[in-house]
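**Student:** here are the coordinates; sequence isn't available:
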């Protein structure tokens, strides 16, 4: 399941990271069993990371080819992947740039199959470029599109904050 759906793998990692952070905030020592499971999840995520598109069983998830590795990715996970799977991350981003060159356009009117719009999650590749590859703001700003919605576009806000935080020339 975790190899087939990497966004589920990311979600498990985020959950374990959050649990350990809550323990720390509560003044408790991190649970060794939870930490061990998190370490195992991180290691398997880096080892099993792949850019291969269209490998889902059936056709129902092909629309997530570009976003599959970035959904629910925390900055801590991105740093871990940077440290342990950088070549794989670069290969994935290169492949996704090739197969979906307009991944950053909010509401782009094209995607796989008979769909009419690209998934909103595609814009999360900016997070991978920022956190996993460590690209500077001067590169990231090229992929900052307009919000898809007049109010409440959290994808846009997340990307905007990421670009601002990555300022290489404040």
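**Tutor:** On my side now, so go ahead. Everything numeric in this text was worked out from a predicted model, so none of it was measured.
**Student:** how many neighbours does the residue nearest to residue 103 when sequence neighbours are not counted have?
**Tutor:** Setting aside the residues directly before and after it, residue 103 is nearest to residue 122 in space (Cβ to Cβ, 6 or more residues apart in numbering), at 4.3 Å. In this view, the C-beta of every residue, glycine as well, is placed from N, C-alpha and C. Residue 122 has 25 neighbours, counted by other Cβ atoms under 10 Å.
**Student:** The helix or strand harbouring residue 18 - what's its average pLDDT?
**Tutor:** Here residue 18, judged by DSSP states H and E, is contained in helix 6-25. Per-residue pLDDT values over helix 6-25 give a mean of 97.
**Student:** Quick check: buried residues in it?
**Tutor:** Neighbour-count burial for helix 6-25 flags 6, 7, 9, 10, 11, 12, 13, 14, 16, 17, 19, 20 (criterion: 16 or more other Cβ atoms under 10 Å).
**Student:** contact partners of that helix?
**Tutor:** Outside helix 6-25, the residues that touch it by Cβ atoms under 8 Å, 6 or more residues apart in numbering are 1-3, 29-31, 34-35, 37-38, 41-42, 44-45, 48-50, 64, 67-74, 76-77.
**Student:** Buried subset of the residues you listed, written for ChimeraX?
**Tutor:** Buried subset of those, written as a ChimeraX selection, criterion 16+ other Cβ under 10 Å:
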select :2,38,41,42,45,49,64,67,68,69,70,71,72,73,74,77
